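Trainee: Below are the sequence and a predicted model; questions follow.
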Amino acid sequence: MQFFHGSPTVFSLFISILAAGQTVTGGKLEKYGCSFDDDKYALNVMIPTWADSPRAPKEFKDVDDFNQFIGKVQPVYSQFMADNVRSDVDRILRFYQAFKKQNSSKLEEFFNSYTVEYKPNEDSAGLTIELFNQLKTTLPEIEKHVYLVSANMDLGYEYTTDYFRLATAMPQDYFHGYTAGAMKIKVGSRAGVVLFNLEIGVEKPIVLMEDGSAPHMAQCAGGDSHKIQYYLKNGFILANVFMTEEKEEHGQMKTIESIGQKHLTYIEKPYCSFIQKAKANLLSPEHGIVSRKANGGPSEFVQLRLVPTKVRQSRHEIVLMVFEEKDKKFVRTEGRVALNSLETKSGAPTTVADEINMVKNNADLVKMKGDELLQKLRQVKSVIFDDEDLVTQIYQLEEKLWKKDTDNSCSDVNNVMECLKTMSGARKLIKNLK
């Protein structure tokens, strides 16, 4: 199950020796195969940017040699998921607080000049970097081989392996959704890759070999018990996440399995411009706090929606989802907290008191104390939601960006990469390919 990773529609419009494999020269940081402008991973570019060259693979004598290595990686990977929480709430608070402190009243103008600072665990890139840092404490040699990769998901349920077959190169205008990690490997003379995708939620890294032989993992179960199938081809990894549902047919209940999500990851070269993606996500309608269990399954998701959507028009509530594992399946309990309830003191009506207690009683799932989480949500309400002019500007800017995105006609089916400039273009491409 994949939670928020920001609004992907925005990005196409904006856009000394420290350790082995990491150097700073002339103010530049060389790390993960990329050359950054400083040690905070800044990169002054306007388009998605990849490194010029692939990273060197880590070599293993044989399958047994590799299995010893991955056996050391897996427990660190699983424990990392259980111990770390991803939250971009502080990031959006810093942005909107800074906006209110300066003279300009125009959000779009302020956004264009704003610089995002890297902070651990605030998005998929930060989470992956922190995972690499932990792995390096026991396996320092991976520093020279691991790198960040660009991924996206759900370009449309019509998505077929036709595009996967056609996609043979990565353009500079590739449609980026979130960031994962990878490490190319060579087992004997055979090539493959290890994928560290914390967004999908599996208990271990995924190993894919070009020849499909051991230690290849073509299929695994996600932490939420969903089956996931992987394909490696032409420098891409395609992951199909299957969903199941019970349906009645001719008086009998049947389990129907279908593809619920599709994730496409470009693994040929390191992805370098993830800070620009973080800036684009500031204007996303969805933000939140996400925690997982050691097996990759969901634990809790606190969702903040800054602007209305077609599905849920209200912008004056916070959605809190708690997941419990029952009979090898995750059961979701969803609660909605009215923003006005956050300011209610003692003596409140029972329903309001219940909403506050729901927040406080489940705060430990996102590694926070009850009053701490409540105070954080109150701060979001005060800084953002209580300012109607600001909320209106956020909504108008998101509408403007979405309209510009949907203007892409994508009429040339043969120009696959041109169509991937925007979400709408990609969807039109997929329909035309069928």
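Mentor: That came through, no problem. Predicted model, so just to flag it, every value in this text is computed and none were measured.

Trainee: from memory Lys119 sits against Val89, does it?
Mentor: No: checked against CB atoms under 8 Å, the pair Lys119 and Val89 is beyond contact range at 11.3 Å. Bear in mind the C-beta positions are built from the backbone N, C-alpha and C, glycine included.

Trainee: so what's Phe60 up against?
Mentor: Counting by CB atoms under 8 Å, 6 or more residues apart in numbering, Phe60 touches Phe66, Phe69, Ile185, Lys186, Val187, Gly188.

Trainee: Enumerate every residue touching the nearest residue to Lys61 once chain neighbours are set aside.
Mentor: Closest residue to Lys61 apart from its sequence neighbours, by CB to CB, 6 or more residues apart in numbering: Gly188 at 7.0 Å. Applying CB under 8 Å, 6+ apart to Gly188 gives the contacts Phe60, Lys61, Asp62.

Trainee: which one of those is nearest Met368?
Mentor: Comparing the contacts of Gly188 against Met368 with CB to CB places Phe60 closest, at 40.9 Å.

Trainee: Beta-bridge partners for that closest one, please?
Mentor: Val187 (DSSP bridges).

Trainee: And it, how close does it get to Met209?
Mentor: 11 Å (CB to CB, to the nearest Å).

Trainee: which residues does Met274 contact?
Mentor: Met isn't right for residue 274; it's Phe. By CB under 8 Å, 6+ apart, the neighbours of Phe274 are Tyr41, Asp123, Ala125, Leu148, Thr179.

Trainee: Got the phi and psi for the second one?
Mentor: It refers to Asp123. phi -160, psi -180 (degrees, to the nearest 10).

Trainee: Please parse this structure into its domains.
Mentor: For the chain, the structural domains run 11-283, 297-386, going by automatic domain parsing.

Trainee: Point out the most buried one among these.
Mentor: Highest mean neighbour count of these: domain 11-283, a mean of 17 (counted as mean count of other CB atoms under 10 Å).

Trainee: element containing the nearest residue to Tyr230 once chain neighbours are set aside, please.
Mentor: Leaving aside its chain neighbours, Tyr230 sits nearest to Ala239 (5.3 Å; criterion: CB to CB, 6+ apart). Using DSSP states H and E, Ala239 sits in strand 236-249.

Trainee: That strand pairs with which strands, and in what direction?
Mentor: strand 227-233 (antiparallel), strand 252-266 (antiparallel).

Trainee: Could you save those strands as TSV and add columns showing distance to His216?
Mentor: Listed next are the strands paired with strand 236-249 as TSV, based on distance: least, CB to CB, whole Å:
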stretch	distance to His216
strand 227-233	8
strand 252-266	16
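
Trainee: averaging pLDDT over each of those strands, which comes out lowest?
Mentor: The weakest mean pLDDT among these belongs to strand 252-266, with a mean of 81.

Trainee: C-terminal to that one, what's the next element?
Mentor: Counting by DSSP H and E, what follows strand 252-266 is helix 274-281.

Trainee: what mean pLDDT does that next one have?
Mentor: 81.

Trainee: Any stretches of this protein with poor pLDDT?
Mentor: Applying pLDDT under 70 to the chain flags residues 1-27, 46, 154-176, 223-225, 306-317, 323-335, 338-353, 401-434.

Trainee: Show me what the lengthiest helix in the chain packs onto, helices and strands only.
Mentor: In the chain, with assignment by DSSP state H, the single longest helix is helix 63-83. On a contact count with 3 or more CB pairs under 8 Å, 6 or more residues apart in numbering; DSSP states H and E, helix 63-83 meets strand 58-60, helix 124-138, strand 178-187, strand 190-196.

Trainee: between those, which one is nearest to Leu283?
Mentor: Counting by CB to CB, Leu283 lies closest to strand 178-187 out of these; the figure is 15.8 Å.

Trainee: Summarise which helices and strands the closest one is packed against.
Mentor: strand 58-60, helix 63-83, helix 124-138, strand 146-153, strand 190-196, helix 274-281.

Trainee: Please list the outside residues in contact with the following helix or strand past the fifth one.
Mentor: Beyond strand 190-196 in the direction of the C-terminus, DSSP H and E gives the next helix or strand as strand 206-209. With CB under 8 Å, 6+ apart as the test, strand 206-209 has contacts from 66, 70, 185, 187, 190-195, 197, 215-218, 220, 230, 232, 237, 239.

Trainee: Report the distance from the helix or strand following strand 206-209 to the chain centre.
Mentor: Beyond strand 206-209 on the C-terminal side, the first helix or strand identified by DSSP H and E is strand 219-221. How far strand 219-221 lies from its chain's middle: 20 Å, per CA atoms, centre = their mean, to the nearest Å.

Trainee: Name the residues that touch strand 219-221?
Mentor: The contact list for strand 219-221, computed with CB under 8 Å, 6+ apart, reads Val202, Lys204, Ile206, Lys227, Ile228, Gln229, Tyr230.

Trainee: Closest one to Arg292 out of those, please.
Mentor: Val202 (10.2 Å).

Trainee: Is Gly394 in a helix, a strand, or coil?
Mentor: One correction, residue 394 is Ile, not Gly. helix (DSSP: H, G, I helix; E, B strand; the rest coil).

Trainee: surely it meets Leu107?
Mentor: Yes: shown here, Ile394 and Leu107 form a contact pair, counting by CB under 8 Å, at 6.8 Å.

Trainee: which residues touch Asp364?
Mentor: Gly370 are the contacts of Asp364 under CB under 8 Å, 6+ apart.

Trainee: ok, now with 6 Å
Mentor: Residues counted as contacts of Asp364 (CB atoms under 6 Å, 6 or more residues apart in numbering): none.

Trainee: Same question for Leu29.
Mentor: Leu29 neighbours (CB under 6 Å, 6+ apart): Phe36, Asp39.

Trainee: For it, give its distance to Met243.
Mentor: 41 Å.

Trainee: about what we covered before: from memory the residue nearest to Tyr230 sits against Gln229, does it?
Mentor: No: using CB atoms under 6 Å, Ala239 is not in contact with Gln229, being 7.2 Å away.
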